[in-house]
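Participant: Provided below are the primary sequence and the corresponding predicted coordinates.
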Protein chains: 2
Amino acid sequence: MKAVLEKVDKNTITSFFKSLQDSITQDIENCDGKAVFKEELWYRNGGGGGRTRVMVDGNIIEKGGVNFSEVFGILPHAAAEALKVEKNQEFFASGVSVILHPISPMIPIIHMNVRYFELSNGAKWFGGGIDLTPVYINKDDAVYFHQSLKTVCDWHNPSYYPDFKKIADEYFYIKHRKETRGIGGVFFDKLKPSTELSIENLFAFVKDIGLTFSPIYLKLINNNKDLPYGEKQKQWQLIRRGRYVEFNLIYDRGTKFGLDTNGRIESIFMSLPPQVNWLYNFQTEDGSEEQLTQSMLKREIDWITFE
Amino acid sequence: MKAVLEKVDKNTITSFFKSLQDSITQDIENCDGKAVFKEELWYRNGGGGGRTRVMVDGNIIEKGGVNFSEVFGILPHAAAEALKVEKNQEFFASGVSVILHPISPMIPIIHMNVRYFELSNGAKWFGGGIDLTPVYINKDDAVYFHQSLKTVCDWHNPSYYPDFKKIADEYFYIKHRKETRGIGGVFFDKLKPSTELSIENLFAFVKDIGLTFSPIYLKLINNNKDLPYGEKQKQWQLIRRGRYVEFNLIYDRGTKFGLDTNGRIESIFMSLPPQVNWLYNFQTEDGSEEQLTQSMLKREIDWITFE
């Protein structure tokens, strides 16, 4: 359901992010039925900190994190450069990021992030997105995933889904492999208030993105958790996870930003899969399910009308 | 034994590199006793190509590559930028690179590279090095390794070992972990002929570095191959391999150069370990062997006099 507008500032936003972290950790724990999240608080030299919550060795989830952070102070130089903003000003940044690596290769890896940024020069913006990395692309699930995101986007602006889907396609592209990380989703950054769009409007959109995470992923888990799999499927998963690592370490701006600003390494690398393989020159077999998935790791597939 | 000087040009160098690849693959196959290298020839659009040789699932080696390449043509723009040389000229580059990931965590990972580069503006230089990444640092082995490199370096120039050891310490430093990849070794780049040092002198040094690889590594294998290990040691190896991946994907200039110039992906990523783990917030136990190794992953340790 579309969120109702309300007067917002960074405190409103931050408390929503905290409650979002709480509700997602609860939803995932309930669904997993075995593992619970372990929380660690951390503090940043210079201001702020966060709550890292990590789950390992569950019934469903092999490794997953649901992190909240809220950091502020003088903007580090590397951060000013990465953000292309003027140096020596104060900043405030808060966000929630989620990454879940399921045990079963039949359940997709998911990633979600919502964030808010404010500078002492008055600039403020939101960023975020949700994207899905199936080990085996199931077309019905892919359509459901994209349709769900489109529905939420359309509540706010009919151009959001097409625009942000395109950005996700470009962002999650592994250039050296000439393939996408998964089936994309939506991704947006520097979404700023304007005369037409108040911060309240933007926050309502970001809230809806955050709140849609659990229902979407729980459905994808339920659709696939009882599917059988064997060694071949597990091997393919470990290879696909290798691509995930390649993306995160070579291209991901969030990882780079974290490393450049001396972020907490274990929180940054929490996104890395628990177990990964690199096989030399692995090739999918002709006519196999793996080859079918590989053939769909392309940008600009219209998943909504996909047949 | 120190190599004898001879008149050299790029053909002499390239044929040495090819014979070095042959002798190393032979030495490793003999030592492994089970797996053999599989060779693949590849060709570069624009000129040249290489011989990739990969071994997997041996008695000793889990995954390893011994690669020769010889590429030439118009220098790609990204390469000119990376090398900080003028654009739109012809280049010639040849080299051998070796990376071996043993099965046993008691045997160190090793990496060696020797290379030669020539530009149509007349510039020419050598680069290369050998470095060792023990999962468990054995002090006697570490001293032996560094002493062997020092001996070879000292044949040619007493400043080579201290200078190139320092460069290796800096190069193989994983900044975000505040730790070195292993115990370093020697690393050099843009070693150019001058009035004092002919190309023959430099080639003689590079030859000796290449030729010292097999005896050093075979000894390290023999010292450690019969040591027992269990789950705990294997787990630590998979974690250390994760650091290896982090280094190669985030910092390694060779990897970046390969990706920027559209090199052959499977040859570039051949260096990645076959199986890797990322555990959230893994900490070594107080007083453990793992902690001891971790404590020695520092730059500027004088391994020759280490006690």
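Facilitator: Thanks, I have the structure now.
Participant: quick check: A:N138 vs chain B, distance?
Facilitator: Distance, A:N138 to chain B, by C-beta to the nearest C-beta, to the nearest Å: 27 Å. Using the backbone N, CA and C atoms, a C-beta is placed for each residue, glycine as well.
Participant: go on, A:E290?
Facilitator: Distance of A:E290 to chain B, computed by C-beta to the nearest C-beta: 17 Å.
Participant: buried residues, the helix or strand that contains that residue. List them.
Facilitator: Under the criterion of DSSP states H and E, A:E290 resides in helix A:289-295. By 16 or more other C-beta atoms under 10 Å in any protein chain shown, the buried positions in helix A:289-295 come out as A:E290, A:T293, A:Q294.
Participant: packing partners for it?
Facilitator: When contacts are defined as 3 or more C-beta pairs under 8 Å, 6 or more residues apart in numbering or on different chains; DSSP states H and E, helix A:289-295 packs onto no helix or strand at all.
Participant: name the residues that touch it?
Facilitator: Helix A:289-295 has contacts (C-beta atoms under 8 Å, 6 or more residues apart in numbering or on different chains) with A:P134, A:V135, A:Y136, A:I137, A:E179, A:W236, A:T284, A:E285.
Participant: out of the residues you listed, list just those in strands.
Facilitator: Counting by DSSP state E, the contacts of helix A:289-295 place A:E179 in strands.
Participant: now, of the contacts of helix A:289-295, which are buried?
Facilitator: By 16+ other C-beta under 10 Å, the contacts of helix A:289-295 give A:P134, A:V135, A:Y136, A:I137, A:E179, A:W236 as buried.
Participant: would you mind measuring from the fourth one to A:A35?
Facilitator: Shown here: A:I137 relative to A:A35, a distance of 27 Å by C-beta to C-beta, to the nearest Å.
Participant: below-threshold pLDDT in chain A: ranges please.
Facilitator: Low-confidence regions of chain A, defined by pLDDT under 70, span residues A:1-6, A:307.
Participant: do a quick rundown of the strands in it.
Facilitator: In chain A, the strands defined using DSSP E lie at A:38-43, A:48-56, A:61-74, A:90-102, A:109-119, A:124-133, A:173-174, A:179-180, A:184-191, A:275-277.
Participant: out of the buried residues of helix A:289-295, who's nearest A:V71?
Facilitator: Using C-beta to C-beta, A:T293 comes nearest to A:V71 of those, at 37.7 Å.
Participant: gap between the closest one and chain B?
Facilitator: The value you get for A:T293 to chain B, if C-beta to the nearest C-beta is used, is 18 Å.
Participant: tell me who's in contact with the residue nearest to A:I304 when sequence neighbours are not counted.
Facilitator: Among residues not flanking A:I304 along the chain, A:H146 sits closest, at 5.4 Å (C-beta to C-beta, 6 or more residues apart in numbering or on different chains). Listed by C-beta under 8 Å, 6+ apart, the contact partners of A:H146 are A:K165, A:I183, A:G185, A:W303, A:I304.
Participant: A:A78 too?
Facilitator: If you count contacts by C-beta under 8 Å, 6+ apart, A:A78 has them with A:D260, A:T261.
Participant: and for A:T25?
Facilitator: For A:T25, the contact set (C-beta under 8 Å, 6+ apart) comprises A:F37, A:R53, A:V66.
Participant: could you give the bridge partners of A:I110?
Facilitator: For A:I110, the beta-bridge partners are A:L100, A:L132 (DSSP bridges).
Participant: right, and it touches A:L132 too?
Facilitator: Yes. Between A:I110 and A:L132 there is a contact under C-beta atoms under 8 Å: 5.6 Å.
Participant: what residues do the two have in common as contacts?
Facilitator: A:L220.
Participant: beta-bridge partners for A:G128, please?
Facilitator: Counting by DSSP bridges, A:G128 is bridged to A:V114, A:F188.
Participant: how near is A:L218 to chain B?
Facilitator: Separation of A:L218 from chain B (C-beta to the nearest C-beta): 23 Å.
Participant: need the contact list for whichever residue of the stretch 101-250 of chain A sits closest to chain B.
Facilitator: Here the stretch 101-250 of chain A gets closest to chain B at one residue, A:L249, 3.9 Å apart by C-beta to the nearest C-beta. Counting by C-beta under 8 Å, 6+ apart, A:L249 makes contact with A:T255, B:V245, B:E246, B:L249, B:I250.
Participant: who are the contact partners of the third one?
Facilitator: Counting by C-beta under 8 Å, 6+ apart, B:E246 makes contact with A:L249, A:F269, B:I174, B:H176, B:R177.
Participant: by neighbours, which of those residues wins?
Facilitator: Among the contacts of B:E246, A:F269 has the most neighbours (other C-beta atoms under 10 Å in any protein chain shown), with 23 neighbours.
Participant: dump the contacts of A:T25 to a markdown table, plus distance to chain B.
Facilitator: A markdown table is the format used below for these (distance: C-beta to the nearest C-beta, whole Å):
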| residue | distance to chain B |
| --- | --- |
| A:F37 | 11 |
| A:R53 | 10 |
| A:V66 | 12 |
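Participant: could you dump the residues you listed to JSON lines with neighbour count and distance to A:L119?
Facilitator: Below are these laid out as JSON lines (neighbours: other C-beta atoms under 10 Å in any protein chain shown; distance: C-beta to C-beta, whole Å):
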{"residue": "A:F37", "neighbour count": "22", "distance to A:L119": "32"}
{"residue": "A:R53", "neighbour count": "23", "distance to A:L119": "28"}
{"residue": "A:V66", "neighbour count": "29", "distance to A:L119": "27"}
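Participant: mind putting those into a markdown table with distance to A:G127?
Facilitator: Below are these laid out as a markdown table (distance: C-beta to C-beta, whole Å):
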| residue | distance to A:G127 |
| --- | --- |
| A:F37 | 24 |
| A:R53 | 21 |
| A:V66 | 18 |
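Participant: pull the number of nearby residues for the nearest residue to A:P215 once chain neighbours are set aside.
Facilitator: Take A:P215 and drop its neighbours on the chain: the residue closest to it by C-beta to C-beta, 6+ apart is A:S148, 7.9 Å away. A total of 17 residues lie near A:S148 under the criterion other C-beta under 10 Å.
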